[in-house]
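K.L.:
Give me a model of this one.
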Amino acid sequence: MKTVKQQVYQSALAMCLAFGINNAQAAISNGAPTIQAGGSGVAGELFLNVWDQAAATSYSIDLGITVGSFLAGAYTSTIWNLDQRFVDWAAATSDPLTFNVAGNNSYVGLNSADYGVLLSRRSGTSAPGAITMNALTTVTTKVRDRANALNIAEVAQNGGATATDFAADLSEVTTTNASSYFGSAWGTSMNISGWVGSATVRNGATPDQTLDFFFIHSPGGTVGSSTHAVFDKLDGYLSLDIANAKLTWTSNVAPVPVPGAVWLFLSGMLAVLRVQKRSGISSAI
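P.N.:
Residues are numbered from 1 along each chain as shown. Model prediction:
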């Protein structure tokens with residue numbers, strides 16, 4: 001029996017390792033089923049961008065969680081450990097570095113309140129101005145196009161990577177020039193009044209900046225091009241620790257405590273198991 005259990009355990013472990021290796025080659029999901037701009041899909045994944053302006057190079061990584069999943073668990077603080085490629089890239093870059101995070105969910109239709117993007121904004125900057133649904137469509141397009149560009153670049157840099165493999169929600173990395181992305185696209189203002197989309201880190205004696213996180217989305221129902229989008233600020237902030245290669249979402253929302261009735265139920269179950277164990281021992285004697 002012990003040998004059988006060991007074999008089952010070893011088989012399960014091998015399957016998990018194989019699954020992990022396969023998923024490590026997955027592309028960043030932009031929400032669409034293919035690399036083309038159109039299509040009908042599910043929520044896209046979040047991705048991190050870090051830019052070295054002096055060298056005009058960047059590091060990007062798929063954070064392995066969809067917009068929908070992140071919003072559903074936004075109260076949960078999360079740490080993403082970045083990979084060796086980031087460590088090597090950061091060691092060769094100039095100070096300061098700039099970073100931001102985004103995720104696209106624009107394939108559910110304008111009339112859905114889930115239509116929109118998760119977009120970072122530098123903590124402490126002024127409140128964003130109102131934008132129309134027409135402007136939001138432009139924002140989602142830029143985030144989607146950034147994910148597509150990263151997927152194309154990563155295929156050349158990661159053996160076995162497939163630009164259209166959006167099924168798995170795990171990490172993929174790439175390094176690419178992002179001067180236009182950070183300089184003129186949503187990385188700065190994204191044409192939203194009062195918006196500063198990136199934060200600066202490793203800037204001498206100046207403390208590292210952090211990012212607020214917003215879900216900018218449709219109000220739902222019947223909407224037109226001039227309908228105003230909704231800005232929902234999530235209660236927490238994003239920080240990037242260059243030295244320890246970590247991206248952190250620090251939630252300010254306390255986790256929901258487990259009800260006392262659940263603890264009582266678990267205690268009762270443990271008591272029942274103890275009684276059954278003792279009964280089994282008595283029968284054996």
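
K.L.:
Let me know the secondary structure of Phe70.
P.N.:
What DSSP: H, G, I helix; E, B strand; the rest coil gives for Phe70 is helix.

K.L.:
Which pLDDT does the model give the nearest residue to it once chain neighbours are set aside?
P.N.:
Excluding its sequence neighbours, the residue lying closest to Phe70 (CB to CB, 6 or more residues apart in numbering) is Leu46, at 6.1 Å. The C-beta positions use only the backbone N, C-alpha and C, and glycine is treated the same way. You'll see Leu46 listed with a pLDDT of 92.

K.L.:
Ok, Leu150 next?
P.N.:
75.

K.L.:
Next, the contact list for the nearest residue to Asn203 once chain neighbours are set aside, please.
P.N.:
In space, and not counting its chain neighbours, Asn203 is closest to Pro96: 3.6 Å by CB to CB, 6+ apart. Residues near Pro96 by CB atoms under 8 Å, 6 or more residues apart in numbering: 200-204, 206.

K.L.:
which SS class is the residue nearest to Phe70?
P.N.:
Using three-state DSSP, the structure places Leu46 in strand.

K.L.:
just to revisit the earlier point, which of the contacts of Pro96 fall in strands?
P.N.:
When DSSP state E is applied, those are split such that 200-201 fall in strands.

K.L.:
Tell me the one among the contacts of Pro96 nearest to Gly68.
P.N.:
Comparing these against Gly68 with CB to CB places Val201 closest, at 28.3 Å.

K.L.:
Break down the stretch 1-150 of the chain into its strands, ranges please.
P.N.:
Ranges of strands within the stretch 1-150 of the chain are 45-52, 57-66, 78-81, 97-105, 116-122, based on DSSP state E, counting those that start in this stretch.

K.L.:
what lines up beside the third one in the sheet?
P.N.:
Counting by DSSP bridges, the strands paired with strand 78-81 are strand 246-251 (antiparallel).

K.L.:
Other residues contacting the strand it pairs with?
P.N.:
Against strand 246-251 from outside (CB under 8 Å, 6+ apart): 48, 63, 74-82, 99, 101, 213, 235-241.

K.L.:
hmm, 7 Å instead?
P.N.:
Strand 246-251 is contacted by residues 48, 74-82, 235-241 when judged by CB atoms under 7 Å, 6 or more residues apart in numbering.

K.L.:
buried subset of those?
P.N.:
Using 16 or more other CB atoms under 10 Å as the burial test, the contacts of strand 246-251 include 48, 74, 78, 80, 82, 236-240 as buried.

K.L.:
hang on, the earlier thing: any idea which of the strands of the stretch 1-150 of the chain scores lowest on pLDDT?
P.N.:
When these are compared on mean pLDDT, strand 57-66 scores lowest, with a mean of 86.

K.L.:
Mind jotting down where the helices sit in the stretch 1-150 of the chain?
P.N.:
Here the stretch 1-150 of the chain has its helices, by DSSP state H, counting those that start in this stretch, at 2-23, 67-72, 84-91, 133-157.

K.L.:
picking up where we left off before, top of the contacts of Pro96 by neighbour count?
P.N.:
Val201 (22 neighbours; other CB atoms under 10 Å).

K.L.:
Okay, and the beta partners of that one?
P.N.:
Assigned bridge partners for Val201, using DSSP bridges, are Leu97.

K.L.:
any idea how far Val50 is from it?
P.N.:
Going from Val201 to Val50 by CB to CB, to the nearest Å gives 8 Å.

K.L.:
Please enumerate the shared neighbours of these two.
P.N.:
By CB under 7 Å, 6+ apart, the residues touching both Val201 and Val50 are 97, 99, 240.

K.L.:
got the angle for the helix or strand where the last one lies vs strand 246-251?
P.N.:
Going back to what we said before, that points to Leu240. Using DSSP states H and E, Leu240 sits in strand 236-241. For strand 236-241 against strand 246-251, the angle by axes from the mean of the first three to the mean of the last three CA atoms, to 10 degrees is 160 degrees.
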